[in-house]
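*Asks:* Build me a model:
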Amino acid sequence: MSLGSRIVIAAVSLVCALMFFLTALDPSGLPSGALVFYGMAAVYVIITVACLFPKSHPVTLRLIGGLILSAYVIYVFDSFQTQNFTRAVMGFLVWGLPSGYLAVTGKYPSRGKGAAGFNGAEKNTPRKRRSISS
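*Replies:* Next up, the predicted model:
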């Protein structure tokens, strides 16, 4: 992933973390309480750290993968015998299992159809400047 995209994702994640944290400070109107909002703020901080510090990937990517896998496992169990069960299982297969791979290995897949999207090489070719001609 390019440096520019990592910086943009980190900035947006940091703003989201700040918003969740500020919302959790006044839990009077929150239906699920402040703990969920503090947890979401922590998830966005982990995403920010993963974007800004690539050397933290063995830990941060495992945390992110484990959180996504856990969320889908809970979703499947909660939606058992409801009309959302098929949707939950499909989400688990599409997002949960690959996140489980990420949680176990700490890295993106190196082979397969989607591997190029995660492990794409950055182009190091210099850009040509266009001259403005009158």
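*Asks:* care to break this protein down by domain?
*Replies:* 1-52, 57-119 (automatic domain parsing).
*Asks:* helix or strand right after the helix or strand hosting Tyr75?
*Replies:* Assessed by DSSP states H and E, Tyr75 sits inside helix 57-78. Going down the chain from helix 57-78, the next helix or strand is helix 85-91, by DSSP H and E.
*Asks:* pLDDT of that following helix, averaged?
*Replies:* Regarding helix 85-91, the rounded mean pLDDT is 94.
*Asks:* packing partners for it?
*Replies:* helix 57-78 (3 or more CB pairs under 8 Å, 6 or more residues apart in numbering; DSSP states H and E). C-beta here means a position set from N, CA and C on the backbone, and glycine is covered the same way.
*Asks:* Buried residues of the helix it packs on, list them for me.
*Replies:* Residues 60-65, 67-69, 71-72, 75-76 are the ones in helix 57-78 that count as buried (16 or more other CB atoms under 10 Å).
*Asks:* Determine which two of these are furthest apart.
*Replies:* Thr60 and Val76 (25.0 Å; CB to CB).
*Asks:* Give me the contacts around stretch 40-53.
*Replies:* 6-7, 9-10, 13-14, 16-18, 20-21, 24, 56-57, 60-61, 63-64, 67 (CB atoms under 8 Å, 6 or more residues apart in numbering).
*Asks:* Now Trp51: which helix or strand?
*Replies:* You called it Trp, but residue 51 is Cys. Applying DSSP H and E, one finds Cys51 within helix 34-52.
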